[in-house]
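Peer 1: predicted model and sequence below, questions to follow.
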Amino acid sequence: MIKGLQTAEAAMRPKLLRMDVIANNLANVSTTGFKGDRLFVQMLNDSAAGKSTGGGDLDAVKVTEGVDFSEGSFRQTGNPLDVAIQGSGFFAVDTPGGTRYTRSGSFRLSPDGSLVNADGYPVQGTGGAVRIPNIEKIQQATVSIAETGEVLVDKEMVGRIRVVDFADTSSLSKESATLFAAAPGAVMTESTSSSSAVKQGFLEESNVNGLEEMIAMTELQRSFDTDQKVLQAMDSSIEKSLEVGKV
């Protein structure tokens, strides 16, 4: 019976983790460029797990978390500094912790004319930081961004936004809602026009489906409630068995 309690507890653990994942996805359903998290549960061979650690059923469940990098829908904003990547790839930005990668293209100009993201981090260009000279003399409306990432002011190119791609996106780890760090040795390439296109005046929305997440949360809550009732029934049975043993 004790083993039954352990098995029930082991079954509830990944459900708690999945509930946290769903809650975070729902909290970012409106976050530009957000990529939803997914939880993968794998049942291992009980006997093998028991031999290796002695935990039996407690070690028979392996839970791993991953990121869904599928493309979100595009929303037209009309803002000339809003850009989205159609296809694969990521924008690269300079942060205090080093280069980070994002699908969020909500950019703006800093006081010195540098192109920065919503957090104020400089956006990398293929030849260094993208900076618009004489910013005090121009309006944002005069800035155009080509599908190749070229930034033009009055048809004169002042830089090109860097777009990079990864051979294996599992080498990226989420650092914040929209920023990813690359693992050491991650294979990275510069995106080409055949694999991606920069769309000016658009933003990529979160790829989280709020309705699906709500349904999953409801089903998970029902399952969790059932597990709790099973635990309560087992606990009650153990108490009765102990009472019988005292007589």
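Peer 2: Great, that's in hand.

Peer 1: how is the protein divided into domains?
Peer 2: Using automatic domain parsing, the domain parsing of the chain gives 2-70+208-246, 74-204.

Peer 1: where do the helices sit along this structure?
Peer 2: 2-27, 46-53, 210-246 (DSSP state H).

Peer 1: how much space between the residue nearest to residue 64 when sequence neighbours are not counted and residue 207?
Peer 2: Among residues not flanking residue 64 along the chain, residue 40 sits closest, at 4.9 Å (C-beta to C-beta, 6 or more residues apart in numbering). Bear in mind the C-beta positions are built from the backbone N, C-alpha and C, glycine included. To residue 207, residue 40 is 17 Å away according to C-beta to C-beta, to the nearest Å.

Peer 1: what is the least confident helix or strand in the protein?
Peer 2: helix 46-53 (a mean of 46; mean pLDDT, DSSP states H and E).

Peer 1: any weak-confidence spans in this structure?
Peer 2: Across the chain, residues meeting the criterion (pLDDT under 70) sit at 1-12, 41-61, 137, 139-141, 234-235, 238, 240-247.

Peer 1: and if we set it to 50?
Peer 2: Along the chain, the parts satisfying pLDDT under 50 run over 46-58.

Peer 1: what sits against the most centrally placed residue in it?
Peer 2: Centroid check for the chain by C-alpha atoms, centre = their mean gives residue 35 as the closest residue, at 3.7 Å. Contacts of residue 35 were listed using C-beta atoms under 8 Å, 6 or more residues apart in numbering, and they are 67, 68, 69, 70, 72, 103, 174, 206, 207.

Peer 1: most tightly surrounded among the domains of the chain?
Peer 2: Mean neighbour counts were taken over the domains of the chain using mean count of other C-beta atoms under 10 Å, and the top value, a mean of 17, falls to domain 74-204.

Peer 1: which residues touch the residue nearest to residue 64?
Peer 2: 63, 64, 65, 66.

Peer 1: what about the residues you listed, which are in strands?
Peer 2: Among the contacts of residue 40, the ones falling in strands (DSSP state E) are 63, 64, 65, 66.

Peer 1: for the residue nearest to the centre of the chain, which non-adjacent residue is spatially closest?
Peer 2: Counting by C-beta to C-beta, 6+ apart, residue 67 is the residue found nearest to residue 35 once chain neighbours are left out, at 5.1 Å.

Peer 1: ok so, going back, distance of the residue nearest to the centre of the chain from residue 190?
Peer 2: To residue 190, residue 35 is 21 Å away according to C-beta to C-beta.

Peer 1: state the distance from the residue nearest to residue 64 to residue 165.
Peer 2: In this view, residue 40 and residue 165 are 24 Å apart by C-beta to C-beta.
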